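Chemist: Could you look at this predicted model? Sequence included:
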Amino acid sequence: MKSFLQSGGIVGGLLALLVLPLFVLDIGLIWLLQDQMPASLTLFLALSCFYGMSFAFGFLVDGLVAVFSSVHTVYPFWRAVAHLVTSAGSLYGVTWVFPDFVLSPLTISTIVVVHWLGAQLWLRSDSADETKTSPNDALDDQIIQLLRTTTFPDCVKIVQRQHPDVPKLEILHRIRRLNRQTE
């Protein structure tokens, strides 16, 4: 029981460190743009609810985008619009749930745009990690050549036969990625 409580304290502390900059940023924006600050407890609860709703809806939107992108090409613009709508909807939902948490339209739009820009920077850095060149560029070149001349399953079999040291799952991921890029 004691180790469970300690691990919960560690997780809670890490979560607090991750959310603390958002609290400071949003409280600073509210302080700069509002005539009066909401009560401290209302402000804390409303911002916590906003972060929770925004995370949950963002997680849902990312899942839907991932499902849709496996079927169709999803342009980054639409993903950005989805995150903007998610942030705006979450903040408007919080102002509806907490009637004492009154924010001007300028404050709401500023918070939404700042959170949206942060999400775009996060997504851009995340996608940059995915598109880094792999150490086996020769393997990628071979896969591209095979995809031009053979079918997808034949390409998998040939690459597996020629590169038994590479795991099958990695081969499948590479072939799918390169197949999407060359279409």
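Modeler: Noted; the coordinates are in hand.
Chemist: Now for Ser54: which residues touch it?
Modeler: Residues touching Ser54, when contacts are defined by C-beta atoms under 8 Å, 6 or more residues apart in numbering, comprise Thr86, Ser87, Ser90, Leu91, His115. To be clear about C-beta, it is placed using only N, CA and C from the backbone, and glycine gets the same treatment.
Chemist: Quick check: Phe77 vs Gln120, distance?
Modeler: With distances taken as C-beta to C-beta, to the nearest Å, Phe77 is found 11 Å from Gln120.
Chemist: okay, the two: which has more neighbours?
Modeler: Between Phe77 and Gln120, counted using other C-beta atoms under 10 Å, Gln120 has the larger neighbour count: 15 against 8.
Chemist: measure the more buried one to Ala56 for me?
Modeler: Shown here: Gln120 relative to Ala56, a distance of 19 Å by C-beta to C-beta.
Chemist: Can you pull the domain assignment for the protein?
Modeler: For the chain, the domain assignment from automatic domain parsing gives the residue ranges 2-130, 137-182.
Chemist: In JSON lines, list these along with mean pLDDT.
Modeler: Below are those laid out as JSON lines (pLDDT from 0 to 100):
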{"stretch": "domain 2-130", "mean pLDDT": "83"}
{"stretch": "domain 137-182", "mean pLDDT": "87"}
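Chemist: Check which helices and strands the helix or strand containing Arg161 sits against.
Modeler: Remark: Arg161 resides in helix 152-162, with elements defined by DSSP states H and E. If contacts are counted by 3 or more C-beta pairs under 8 Å, 6 or more residues apart in numbering; DSSP states H and E, helix 152-162 sits against helix 137-149, helix 168-182.
Chemist: Could you check how far that helix is from the centre of its chain?
Modeler: Taking C-alpha atoms, centre = their mean, to the nearest Å, one finds helix 152-162 lying 33 Å from the centre of the chain it belongs to.
Chemist: Okay, angle between it and helix 137-149 too, please.
Modeler: Angle between the axes of helix 152-162 and helix 137-149 is 140 degrees (criterion: axes from the mean of the first three to the mean of the last three C-alpha atoms, to 10 degrees).
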